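1. What follows is a protein structure lacking sequence information:
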C-alpha cells in the first residue's frame, strides 16, 4: 500500500463519527443531551399530575412587554399553577411569583402556560386549514397586504399598495425532501 493510500485511509477513519451507545449515564443532563440535540440545551419535560390533559408553552416578554398578557387574553392560554406540577417548582428551575404564577429568570419574565390538549389540537387544525386555504391562490397575499394596510391607514393607502405592489407569490404544497 502506498503512502498516499495509507493517508487517505487514515483520514477516512478519523472522519467517521463515534457510535453513540444508549447506555445509562450517571449524569441525567448529559444523557438527555446525548439522546437529543448534543449542541442544544438539556431541556427536560415539566412533570405534571395530569400530563395527558395539558399542552404546555413557556413564554417570555423579552421582545414585547405585553406578550405574557397576550398569552392569556388574546391567545387563550392559562397560567400553569404550582398545584398542576408533580414536583416542586424549583426542581424544574421555576419559582412561584407573588401572584401565584410559575416564573423563571431574575425578573420573572418567563412563565409557563397550559391549554387543554383537545383545544390545542383543534386550534392547530384550524391554523392548518387556514394556511392550506391560502395555498395555490396567487393574488391572495397581495389582497391580504392591501386589506391589512386598509385597516390601519385607510382605503387610499390600500389602493396604493394594490396598484404598486409588483410581483406575484405562488405557493405549492409538496412533500418535504426525504419524507
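-> All right, it came through fine. Because the structure is predicted, anything quoted here is derived from the model rather than measured. Numbering: from 1, shown residues only.
2. Please make it C-alpha for all contacts and neighbour counts, starting now.
-> Fine.
3. Report the mean per-residue pLDDT for the longest helix seen in the chain.
-> Longest helix in the chain, counting residues (DSSP state H): helix 117-134. Mean pLDDT, computed over helix 117-134, is 90.
4. Give me the distance from it to the chain's centre.
-> Its chain's C-alpha centre and that of helix 117-134 lie 15 Å apart, by Cα atoms, centre = their mean, to the nearest Å.
5. so what secondary structure elements neighbour it?
-> Judged by 3 or more Cα pairs under 8 Å, 6 or more residues apart in numbering; DSSP states H and E, helix 117-134 is in contact with strand 54-60.
6. so the residue nearest the centre of the chain bridges to which residues?
-> Nearest to the geometric centre of the chain sits residue 57, at 8.6 Å (Cα atoms, centre = their mean). Residue 57 has the following beta-bridge partners by DSSP bridges: residue 113.
7. That one and residue 110 touch, don't they?
-> No. With contacts counted by Cα atoms under 8 Å, residue 57 stays clear of residue 110, the gap being 10.3 Å.
8. can you tell me which residues contact residue 114?
-> By Cα atoms under 8 Å, 6 or more residues apart in numbering, the contact list for residue 114 reads 54, 55, 56, 57, 77, 78, 79, 80.
9. Closest to residue 87 out of those residues?
-> Nearest to residue 87 among the contacts of residue 114: residue 80, at 13.0 Å, using Cα to Cα.
10. Relative to residue 164, how far out is the closest one?
-> As judged by Cα to Cα, to the nearest Å, residue 80 and residue 164 stand 47 Å apart.
11. Can you pick out the residue with more neighbours from the two?
-> residue 80 (22 against 9; other Cα atoms under 10 Å).
12. what angle do the helix or strand containing residue 147 and helix 117-134 make?
-> If you go by DSSP states H and E, residue 147 is part of helix 139-153. Orientation check (axes from the mean of the first three to the mean of the last three Cα atoms, to 10 degrees): helix 139-153 against helix 117-134 gives 110 degrees.
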